[in-house]
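Asker: structure for this input, please:
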Amino acid sequence: MITLNNGQRPMSARHQIEVLADSFFDFDSVDLKLVAEKGKSRVRAPDSFKKSDFIKGYIAYLSETVNVDNQKIIEEKLDELIASRIIESDIPTRRIEFSDIVNLINRMSASEYLSEWIRVQNNFIGFCVGAKQSIPALQEAQYAEMEGAIQSFEQAFASINVSKVTGQISVTKSGATGKSQLIDLPSIFLTRAAGGGLLINSTVLYEYQGTINTGDFNFDGDQDFAIQTGNNGSYGGPSYDVFLQDRRSGRFLHAPALSALTATGLGFFEVDPSARELVEYTKDGCCYHEETHFSVHNNMPMPKWRQVEDARDNQFRQFSEAYRRGRWVRAKVGVP
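Answerer: Residues are numbered from 1 along each chain as shown. Next up, the predicted model:
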């Protein structure tokens, strides 16, 4: 993150991206109207691009991925997560330059329909990634052909009722010959590991986390599992539906309280078998962090204690608090 002198108003995450990307590409030479982040409140021309959106398209083009707009990535891991993709994209040996895509977008602006469509941020980012592989065909395409293809896609996509797009998993015990347990879910978010397989049992802070995480979440000696069903966690992080193994019924039962815990922290909670605790990490901006430890009673997470690091107001305070009778009680004097 860019550090300013004391007293200056902090830059927004988007403005910081603009400052960094300006050193990579000569945006002043672009034959399009670009509105900088700091000036967008004053200019609302319908034929202009937000410069921040244009830069996201550039980064998407370089890294060949549309996953460049997650606030958590922007603030914490932009350089590490995206730079590796840019290096792998083998830029020096490619014949296609980002300026070729800019010229194509400029030509598309002659069509009122295409001009309006390409200025939608998600469309623009996706186009910059896809055009890298198909720009020769796009350069030869006529306006009517491009408009027809986009309209067909939009029509097909509009026919999907997103609220009714659900997922279903089948759970079978290892070595069992009986029927599988079918569990319906509102959605399932799939994340692949570097080798292409499904990412599982990954709870590294600020990284992509497992589609499925397993473990003994309520410390009863049986294996449980959680599956990612959203990105409703803190800072747009993953959120999970947690299922606990029930010995009496022989089935996995949904655990609402443990599921809710994944939506308040920075990703999936950690499991500490030796202490029989779940650990949740939360933050507020750059300078306030909490590490909260929970015990589990009747499948309910119960707060026990937390470690707090508070560096706001140009001071650093580190202290512990215990949860007593419904409130937090300071247990240790802060570190100077």
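
Asker: show me where this protein has its helices.
Answerer: 13-21, 51-63, 71-72, 78-88, 98-108, 112-118, 121-140, 143-158, 256-261 (DSSP state H).

Asker: alpha carbons only: can I get stretch 127-140 in CSV?
Answerer: Coordinates of each C-alpha in stretch 127-140 appear next as CSV, following Å, rounded to 0.1, in the frame of the first residue of the first chain:
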residue,chain,number,x,y,z
PHE,A,127,-13.1,-8.5,-23.1
CYS,A,128,-9.5,-7.5,-22.4
VAL,A,129,-8.8,-11.1,-21.3
GLY,A,130,-10.7,-12.8,-24.1
ALA,A,131,-9.5,-10.5,-26.9
LYS,A,132,-5.9,-11.4,-26.2
GLN,A,133,-6.6,-14.8,-27.7
SER,A,134,-9.0,-13.9,-30.5
ILE,A,135,-8.1,-10.4,-31.6
PRO,A,136,-7.4,-11.4,-35.3
ALA,A,137,-11.0,-12.6,-35.7
LEU,A,138,-12.3,-9.5,-33.8
GLN,A,139,-10.4,-7.2,-36.1
GLU,A,140,-12.1,-8.7,-39.1
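
Asker: next, the buried residues of that stretch.
Answerer: 127-132, 135, 138 (16 or more other C-beta atoms under 10 Å). C-beta: built from backbone N, CA, C; applies to glycine.

Asker: tell me the average confidence for that stretch?
Answerer: Across stretch 127-140, pLDDT averages out at 84.

Asker: now swap in stretch 261-271 and tell me
Answerer: Per-residue scores along stretch 261-271 average to 91.

Asker: which outside residues touch that stretch?
Answerer: 72, 203, 205-206, 209-210, 213, 215-217, 226, 230, 232-235, 237-240, 242, 278-283, 294, 301 (C-beta atoms under 8 Å, 6 or more residues apart in numbering).

Asker: tell me how far residue 261 lies from residue 112.
Answerer: 49 Å (C-beta to C-beta, to the nearest Å).

Asker: residue 192 contacts residue 198, doesn't it?
Answerer: Yes - when contacts are counted by C-beta atoms under 8 Å, residue 192 is listed as touching residue 198 (6.4 Å).

Asker: so what sits against both of the two?
Answerer: Counting by C-beta under 8 Å, 6+ apart, residue 192 and residue 198 have no common neighbour.

Asker: low-confidence ranges in the stretch 51-200 of the chain?
Answerer: Counting by pLDDT under 70, the stretch 51-200 of the chain contains low-confidence ranges at 51-52, 63-95, 160-165, 175-178, 194-196.

Asker: related to what we said a few turns ago, restricted to buried residues, select the contacts of stretch 261-271 in ChimeraX.
Answerer: Here is the ChimeraX command that picks out the buried ones among the contacts of stretch 261-271, judged by 16+ other C-beta under 10 Å:
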select :72,203,206,209,210,213,215,216,217,226,230,233,234,235,237,238,239,240,242,278,279,280,281,282,283,294,301
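
Asker: among the contacts of stretch 261-271, name the ones in strands.
Answerer: Among the contacts of stretch 261-271, the members falling in strands are 213, 215, 226, 230, 239-240, 242, 278-283, 294, 301 (criterion: DSSP state E).

Asker: and the residues you listed, which is closest to residue 117?
Answerer: Of all the ones in strands among the contacts of stretch 261-271, residue 230 has the smallest distance to residue 117: 28.0 Å, by C-beta to C-beta.

Asker: so the closest one touches residue 237, yeah?
Answerer: No - judged on C-beta under 8 Å, residue 230 makes no contact with residue 237 at a distance of 9.9 Å.

Asker: quick one: contacts for residue 180?
Answerer: 170-172.

Asker: any idea how far it lies from residue 287?
Answerer: 48 Å.

Asker: same deal with residue 166?
Answerer: For residue 166, the distance to residue 287 equals 40 Å [C-beta to C-beta].

Asker: same thing with residue 260?
Answerer: Distance, residue 260 to residue 287, using C-beta to C-beta: 26 Å.

Asker: hmm, back to that, show me the two of the ones in strands among the contacts of stretch 261-271 that sit farthest apart.
Answerer: Taking C-beta to C-beta, the two most distant members of these are 215 and 283; they sit 23.5 Å apart.

Asker: hang on, the earlier thing: okay, residue 166 and residue 287: which has more neighbours?
Answerer: Ranked by neighbour count (other C-beta atoms under 10 Å), residue 166 and residue 287 place residue 287 first, with 14 against 11.

Asker: find the nearest non-adjacent residue to that one, please.
Answerer: residue 311 (4.1 Å; C-beta to C-beta, 6 or more residues apart in numbering).

Asker: ok, residue 280 next?
Answerer: Among residues not flanking residue 280 along the chain, residue 265 sits closest, at 4.1 Å (C-beta to C-beta, 6+ apart).

Asker: so the one you found versus residue 251, what's the distance?
Answerer: In terms of C-beta to C-beta, residue 265 sits 27 Å off from residue 251.

Asker: which of those two has more residues huddled nearby?
Answerer: residue 265 (24 against 13).

Asker: circling back: save the helices of the chain as JSON lines, and put in distance to residue 325 too.
Answerer: Formatted as JSON lines, those follow (distance: least, C-beta to C-beta, whole Å):
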{"stretch": "helix 13-21", "distance to residue 325": "40"}
{"stretch": "helix 51-63", "distance to residue 325": "48"}
{"stretch": "helix 71-72", "distance to residue 325": "35"}
{"stretch": "helix 78-88", "distance to residue 325": "43"}
{"stretch": "helix 98-108", "distance to residue 325": "60"}
{"stretch": "helix 112-118", "distance to residue 325": "58"}
{"stretch": "helix 121-140", "distance to residue 325": "48"}
{"stretch": "helix 143-158", "distance to residue 325": "53"}
{"stretch": "helix 256-261", "distance to residue 325": "20"}
